[in-house]
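Undergrad: My questions are about this predicted structure, shown below with the sequence.
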Amino acid sequence: MGDRWQVEVDRSVCIGSAQCVHHAPGAFRLDTGRQSHPVDPETDANEKILAAAEGCPVEAIMITLLGSGEPVFPPED
């Protein structure tokens, strides 16, 4: 069984670039205010979702391991 992730978008930081939608179609959507939302905040670990977080120009996407809360992205220093 693979890892499960909690995906969150800090909408106070999100600028609506839609890079998340580009990198992970179907995993993120923009609302009418062009703010990103994860389609399923609790999801299986997925390279496309990780690529979306890494490609966010303002690092508004946070991914943690479901249950433990251990950071996946951004990584702890």
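TA: That came in fine, so what should we check first?

Undergrad: Run through this structure and note the low-pLDDT ranges.
TA: Applying pLDDT under 70 to the chain flags the ranges 1, 77.

Undergrad: Spatially central residue for it, please.
TA: Using CA atoms, centre = their mean, the residue of the chain that lies closest to the mean C-alpha position is Ile61, 4.2 Å off.

Undergrad: That one bridge partners, please.
TA: Val9 (DSSP bridges).

Undergrad: Over to Arg29?
TA: Judged by DSSP bridges, the bridge partners of Arg29 are His37.

Undergrad: Quick one: residues contacting it.
TA: 21, 36-37, 39 (CB atoms under 8 Å, 6 or more residues apart in numbering). Backbone N, C-alpha and C define where each C-beta goes, glycine included.

Undergrad: Give me the buried subset of those residues.
TA: Among those, those buried by neighbour count (16 or more other CB atoms under 10 Å) are 21, 36.

Undergrad: Out of the contacts of Arg29, the closest to Leu65 would be?
TA: Nearest to Leu65 among the contacts of Arg29, counting by CB to CB, is Val39 at 19.2 Å.

Undergrad: burial of the closest residue to Gln35 other than its chain neighbours, as a residue count?
TA: Spatially, and ignoring its direct neighbours in sequence, Gln35 is nearest to Arg11 (4.6 Å; CB to CB, 6 or more residues apart in numbering). The tally of other residues near Arg11 (other CB atoms under 10 Å) stands at 13.

Undergrad: Checking Arg11 next. Helix, strand or coil?
TA: Following DSSP: H, G, I helix; E, B strand; the rest coil, we place Arg11 in the coil state.

Undergrad: List the contacts of it.
TA: Counting by CB under 8 Å, 6+ apart, Arg11 makes contact with 35-37, 60.

Undergrad: that older thread, tabulate the contacts of Arg29 in TSV, adding columns for distance to Trp5.
TA: TSV is the format used below for the contacts of Arg29 (distance: CB to CB, whole Å):
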residue	distance to Trp5
Val21	18
Ser36	16
His37	15
Val39	13
